[in-house]
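Novice: okay, structure incoming, though there's no sequence with it:
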């Protein structure tokens, strides 16, 4: 019985250690002097676009296609709001992904399907600035307690950073 308890505690401790090291290593926190985006406290990464709404969406979709990533949908939230008689700044939700990669997260925790496929929101704020926003993959891993897919989360992070770099305002 003591052996079972000791092994269980070791498993919990090891899982916590893996989770902590994953959060430190796989998150898109930027090193001094790099331009990798950082998540806010809500786990959302916001990338300021150098382009208007339609050009930002076009560039992102073209990059997704060029990478051979499956594009699922574009939801024009501004139009949906207008159809309901509500005024909303331009806002379009893009969903895309790589099923063999995304399935790796689902096999680790089926509830992570709430965050897959990848969702990238292109929106325009009140000042007219266009943003591309997505949920930080390290935050998603923590949310779902996934500690055994570091390589896959790192890949997803690098892909979405590459996609948003096609519109990123360098100023």
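Specialist: Sure, I can see it. What you see is a predicted model; the values in this text were computed from it and never measured.

Novice: every contact and neighbour count from this point should use C-alpha atoms.
Specialist: Will do.

Novice: all helices of the protein, in order?
Specialist: For the chain, the helices defined by DSSP state H cover 2-26, 53-66, 77-83, 99-108, 137-144, 150-165.

Novice: run the chain-centre distance for the second one.
Specialist: Same thing as helix 53-66. Put simply, helix 53-66 sits 16 Å off its chain's centre (C-alpha atoms, centre = their mean, to the nearest Å).

Novice: how about the nearest residue to residue 139, chain neighbours excluded?
Specialist: Excluding the flanking residues, the one nearest residue 139 by C-alpha to C-alpha, 6 or more residues apart in numbering is residue 43, at 5.6 Å.

Novice: for that neighbour, phi and psi?
Specialist: When read as degrees, to the nearest 10, the backbone of residue 43 gives phi 80, psi 10.

Novice: dump the residue contacts of it.
Specialist: For residue 43, the contact set (C-alpha atoms under 8 Å, 6 or more residues apart in numbering) comprises 135-136, 139-140.

Novice: can you give me the distance of it to residue 55?
Specialist: According to C-alpha to C-alpha, to the nearest Å, residue 43 and residue 55 sit 26 Å apart.

Novice: what do you get for residue 49?
Specialist: Residue 49 is 10 Å from residue 55, where distance means C-alpha to C-alpha.

Novice: between those two, who's got more neighbours?
Specialist: Ranked by neighbour count (other C-alpha atoms under 10 Å), residue 49 and residue 55 place residue 49 first, with 23 against 13.

Novice: in the sheet, who's paired with that one?
Specialist: Following DSSP bridges, residue 49 is listed with bridge partners residue 168.

Novice: can you pick the most crowded of the contacts of residue 43?
Specialist: Per-residue neighbour counts (other C-alpha under 10 Å) across the contacts of residue 43 peak at residue 136, which has 24 neighbours.
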